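Participant: next input, structure requested:
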Amino acid sequence: MNKLRAFLKRKDIVFSGKRYGIDALGAMAQGLFCTLLVGTILDTIGQQFGIGFLNAVITGTYTIGGLCKAMVGVGIAVAIGYALHCPPLVLFSLIPVGFAANAIGGAGGPLAVYFVVIVASEFGKLVSKETKIDILVTPIVTVLVGIGFAALVAKPIGTAASAVGDFVKWATVLQPFWMGMLVSAVIGIALTLPISSAAICAALSLTGLAGGAAVAGCCAQMVGFAVMSFRENRWGGLVAQGVGTSMLQMPNIVKNPLIWIPPTLTSMITGPLATCLFKLEMNGAPVSSGMGTCGFVGQIGVYTGWVNDVANGTKAAITAMDWIGMALICFILPALLSWVFCLVLRKWGWIKENDLKLEL
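Facilitator: Modelled structure (predicted):
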């Protein structure tokens with residue numbers, strides 16, 4: 001047993017929740033961002049502003065953005081492999097593994113890639129540099145294990161993920177108030193935790209009203225923390241949290257969990273407003289549902305969905321009410337409500353001076 005532990009340590013194979021639940025999941029979101037999200041943004045900019053080279057077909061039916069989106073499985077695989085500290089030959093061998101898992105997984109492809117790549121990475125690391133023909137052994141083992149495992153589990157994983165996502169979307173349509181509140185709060189909390197709300201939304205293909213509720217929850221956390229901590233962090237903190245990530249507050253949340261109350265309460269208000277009053281749907285890329293105001297990707301995703309809905313005839317036009325709803329749900333209400341709730345908690349002594357201070 002000691003020899004096995006020493007061998008695994010030498011291979012940097014660590015079976016832990018942090019390695020797989022935080023590092024790998026966070027890397028998955030980065031892989032999604034650099035492929036699917038960037039591709040969606042480029043396509044949207046090209047279409048809306050009539051930029052020729054962004055609209056041009058590079059090969060087959062692919063634009064520049066289309067090529068980015070086609071590489072989503074590869075991007076996730078390489079990002080996760082990097083987070084798991086894979087040696088070069090293992091890392092590069094994950095390229096076909098990621099592509100295969102995403103293709104087989106269908107709508108739940110990103111989640112299938114996540115599980116398959118973790119297994120392929122660890123098996124690849126086990127054999128890496130153990131033979132004199134490493135240049136052959138490591139890629140062959142990594143590819144065979146990865147694609148073989150994908151053939152077994154990717155489709156069921158994809159089907160299960162799609163089923164869960166479809167259930168959440170169905171339940172949100174059936175019970176927009178309660179599910180709007182639940183989805184908004186849960187996805188918003190996931191955004192601030194050191195896990196990936198974007199990866200969760202992508203894995204579940206969370207769109208429609210449920211996607212709109214998720215956007216509301218993420219914006220409540222990001223804009224909420226940015227505004228309520230303005231007195232401590234000023235403009236740098238406003239931008240870092242409002243356009244970057246509310247995850248920066250995690251060390252302070254550990255010290256005083258009560259600071260999480262204002263943005264979470266806000267999300268429980270804006271979520272139902274998004275689903276019941278403004279009918280805010282997120283019909284762009286599912287990963288956008290979990291991004292909030294990070295780089296304004298959530299808003300770009302909502303807008304992309306509007307454009308797509310108008311193009312396919314499911315929406316007559318983008319109305320002034322749509323824009324008012326987005327502004328209120330994504331920016332105005334999160335800022336106002338979180339500030340008011342925080343002010344009350346400061347007066348009660350639940351939140352004290354510098355409880356929200358960031359080390360910027």
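
Participant: low-confidence ranges in the chain?
Facilitator: Within the chain, the ranges that satisfy pLDDT under 70 run 360.

Participant: residue contacts, the residue nearest to residue 301 when sequence neighbours are not counted?
Facilitator: Nearest residue to residue 301, sequence neighbours excluded (Cβ to Cβ, 6 or more residues apart in numbering): residue 288, at 2.5 Å. The C-beta positions use only the backbone N, C-alpha and C, and glycine is treated the same way. Residues near residue 288 by Cβ atoms under 8 Å, 6 or more residues apart in numbering: 37, 40, 198, 201, 211, 215, 282, 297-298, 300-302, 304.

Participant: got a winner among those for most neighbours?
Facilitator: Counting neighbours by other Cβ atoms under 10 Å, residue 215 leads the contacts of residue 288 with 37 neighbours.

Participant: mind giving me the packing neighbours of the one helix or strand that residue maps to?
Facilitator: Assigned by DSSP states H and E, residue 215 belongs to helix 208-228. With contacts taken as 3 or more Cβ pairs under 8 Å, 6 or more residues apart in numbering; DSSP states H and E, helix 208-228 sits against helix 134-174, helix 176-192, helix 197-203, helix 230-239, helix 261-272, helix 297-312, helix 333-348.

Participant: now that helix - C-alpha only, CSV.
Facilitator: Output in CSV follows, covering the C-alpha atoms of helix 208-228 (Å, rounded to 0.1, in the frame of the first residue of the first chain):
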residue,chain,number,x,y,z
GLY,A,208,-35.1,29.3,-21.7
LEU,A,209,-36.8,30.7,-18.6
ALA,A,210,-34.5,28.5,-16.4
GLY,A,211,-31.5,30.1,-18.1
GLY,A,212,-32.9,33.5,-17.5
ALA,A,213,-33.3,32.7,-13.8
ALA,A,214,-29.7,31.5,-13.7
VAL,A,215,-28.5,34.8,-15.3
ALA,A,216,-30.5,36.7,-12.7
GLY,A,217,-28.9,34.8,-9.8
CYS,A,218,-25.4,35.2,-11.2
CYS,A,219,-25.9,39.0,-11.7
ALA,A,220,-27.3,39.3,-8.2
GLN,A,221,-24.1,37.9,-6.7
MET,A,222,-21.6,39.8,-8.9
VAL,A,223,-23.3,43.2,-9.0
GLY,A,224,-24.5,42.8,-5.5
PHE,A,225,-21.0,42.1,-4.0
ALA,A,226,-19.5,44.8,-6.2
VAL,A,227,-21.9,47.5,-4.9
MET,A,228,-22.3,46.5,-1.3
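
Participant: hey, what's the angle from the helix or strand where residue 115 lies to helix 134-174? Just curious.
Facilitator: Take DSSP H and E as the rule and residue 115 turns out to sit in helix 109-127. Angle between the axes of helix 109-127 and helix 134-174 is 150 degrees (criterion: axes from the mean of the first three to the mean of the last three Cα atoms, to 10 degrees).
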